[in-house]
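Student: sequence and predicted structure, then a few things I'm wondering about:
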Amino acid sequence: METKKLVYLDGLKGIGCVMVYLCHFVFAFYYGMYRYEVKSCHLPNHLEISIGKSPLNLLFNGNTAVRLFLVLSGYLLCRNYFLTKDRKRLLQSAKMRYLRLMPPVLVVNTAVFLLMMLGLYQNGPAALIAGSEEWFAGFNAFTPSAWGMLKESLIGCYLFGTNDYNGVLWTLQMLFVGAYLDYALAYLVSGSKWRWLLYGVLALLLMRTDYLSIFLGYVLCDLMHTDFRWRKACCECRLFNVGLCVAGLYLMSYPSAGFGYEGTLWGILPFVFVNYYHILGVLCFVFAVLNLQGLQRFFSWRGFLYLGRISYSLYLIHFPVIATFGAWFFLTFWERLGYHLTSLCNLILISIITVGLSELSVRYVEPLSKKGEHWIGGIFGRKERR
């Protein structure tokens, strides 16, 4: 049984990946938008601080973007199972999880290793000029080791969140280990009436971990495929979903700096719960998207779908491009062109390079996962025939 693909969620995933990319660009060259410190500002009248304290910060709110990516992953991992109840397909998906994630990570990390060997990481000197030493300067500031790179690429990032070579790899632990938590729940308890009690207990146990987002994405998927009358009423109520959309955007745009939010739209909410605001905001927003056709049409725009198609590779590739080419371009031209024109040109060029490399990865690297799946499937098939 074929299930209808929710293409608009791919578009939303693409937007989330772009948010992470913009977050890292802003942190590298306009750090004042995050830290609210005058010494890190370059725009007139310290405009970075005003932008960072406004709803516009949602465009580069990396914490929210990661929660969005994890919730969507949790929702989509077991959706086919909830629709088809096909346990063999679920087990097959679980078997192939590692192969789907690994090849692009290995290729990008190998490229990072070579770039480090050639001394092309210029993020340290660039950070001194940009005023982002606190964040940007420390990445890849060590002597590279081929063995260390391979350990991170093949094992470390999936089991332990190791991210020495590529800073974005810390989320791979949630996308791998968290995925198996979702697979296990779907396989073992998805048909049980008491599963909601178990979900509540697990939510409490995971409350202080980054696994909470991918777990709650799974719970949302289960909820959306369970025949509750109240759930149907909520899904069909346009006013309720519009309200959830607004509330979700409000919580998703909560500044993640840890200070300086007093007197802003979010001043009434204590910062200590910032991760939960972002997760709750993402859940509210995704629920609204699942039920509002206007939002579905918006996120189904061809450009967003393309970003969704390349989102995994773009996520892995963008930071090495910023820290190498982006830092070099900035150092080379900022005195000649001025800070802001250089940054604008830099953003455009980094975007072109990142999208181009991501497209190549989607065409030639990500398909290696499929070849590995066929290879392993053939091995299991031969064993079964014996």
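Tutor: Sure thing, it's come through.
Student: residue boundaries of the helices in the stretch 201-350 of the chain?
Tutor: Counting by DSSP state H, counting those that start in this stretch, residue ranges of the helices within the stretch 201-350 of the chain are 212-224, 229-236, 238-252, 274-291, 293-299, 302-309, 311-321, 327-337, 339-360.
Student: give me the mean pLDDT for the third one.
Tutor: In this case it means helix 238-252. Across helix 238-252, pLDDT averages out at 97.
Student: need the residues that contact that helix.
Tutor: Here helix 238-252 makes contact (C-beta atoms under 8 Å, 6 or more residues apart in numbering) with 55, 58, 61, 64, 68, 234-235, 265-266, 277-278, 280-289, 291-292, 295. All C-beta spots, glycine's among them, are computed from the backbone N, C-alpha and C.
Student: ok, 10 Å please
Tutor: Helix 238-252 is touched from outside by 19, 55, 57-58, 61, 63-65, 67-68, 233-235, 237, 265-266, 269, 274, 276-295, with contacts defined as C-beta atoms under 10 Å, 6 or more residues apart in numbering.
Student: re earlier: mind putting the helices of the stretch 201-350 of the chain in TSV, mean neighbour count and distance to D10 included?
Tutor: Formatted as TSV, those follow (neighbours: other C-beta atoms under 10 Å; distance: least, C-beta to C-beta, whole Å):
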stretch	mean neighbour count	distance to D10
helix 212-224	23	15
helix 229-236	11	21
helix 238-252	17	19
helix 274-291	21	12
helix 293-299	15	8
helix 302-309	17	3
helix 311-321	25	8
helix 327-337	17	31
helix 339-360	17	14
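Student: nearest to Y165, out of these?
Tutor: Closest of the helices of the stretch 201-350 of the chain to Y165 is helix 311-321, at 8.7 Å (criterion: C-beta to C-beta).
Student: and the angle from that closest one to helix 339-360?
Tutor: 140 degrees (axes from the mean of the first three to the mean of the last three C-alpha atoms, to 10 degrees).
Student: output helix 311-321 in PDB with nothing but the alpha carbons.
Tutor: Provided in PDB are the C-alpha atoms of helix 311-321 (Å, rounded to 0.1, in the frame of the first residue of the first chain):
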ATOM      1  CA  SER A 311      18.200  19.700   3.200                       C
ATOM      2  CA  TYR A 312      20.200  16.900   4.700                       C
ATOM      3  CA  SER A 313      23.300  17.500   2.500                       C
ATOM      4  CA  LEU A 314      22.900  21.300   2.900                       C
ATOM      5  CA  TYR A 315      22.800  20.900   6.600                       C
ATOM      6  CA  LEU A 316      26.100  18.900   6.600                       C
ATOM      7  CA  ILE A 317      27.900  21.100   4.000                       C
ATOM      8  CA  HIS A 318      27.000  24.700   4.900                       C
ATOM      9  CA  PHE A 319      29.200  25.200   7.900                       C
ATOM     10  CA  PRO A 320      32.500  24.000   6.400                       C
ATOM     11  CA  VAL A 321      31.800  26.400   3.500                       C
END
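Student: how far does it sit from the chain's center?
Tutor: Taking C-alpha atoms, centre = their mean, to the nearest Å, the mean C-alpha location of helix 311-321 is offset from the chain mean by 10 Å.
Student: the helices in the stretch 1-150 of the chain, which residues?
Tutor: Here the stretch 1-150 of the chain has its helices, by DSSP H, counting those that start in this stretch, at 7-29, 32-35, 47-52, 62-77, 79-84, 87-95, 97-117, 123-130, 133-136, 146-151.
Student: what comes up buried for the fifth one?
Tutor: Put plainly, it is helix 79-84. Neighbour counts over helix 79-84 (16 or more other C-beta atoms under 10 Å) mark R79, N80, Y81, F82 as buried.
Student: so the second one is in contact with R87, correct?
Tutor: No: the pair N80 and R87 fails to qualify as a contact (C-beta atoms under 10 Å) at a distance of 11.3 Å.
Student: now do the shared contacts for the two.
Tutor: Counting by C-beta under 10 Å, 6+ apart, the contacts common to N80 and R87 are A186.
Student: which one of the buried residues of helix 79-84 is nearest to V168?
Tutor: Out of the buried residues of helix 79-84, the member with the shortest distance to V168 (by C-beta to C-beta) is R79, at 25.0 Å.
Student: list the contacts of that closest one.
Tutor: T3, K5, L6, L9, A186, Y218, C221, D222, M224, H225.
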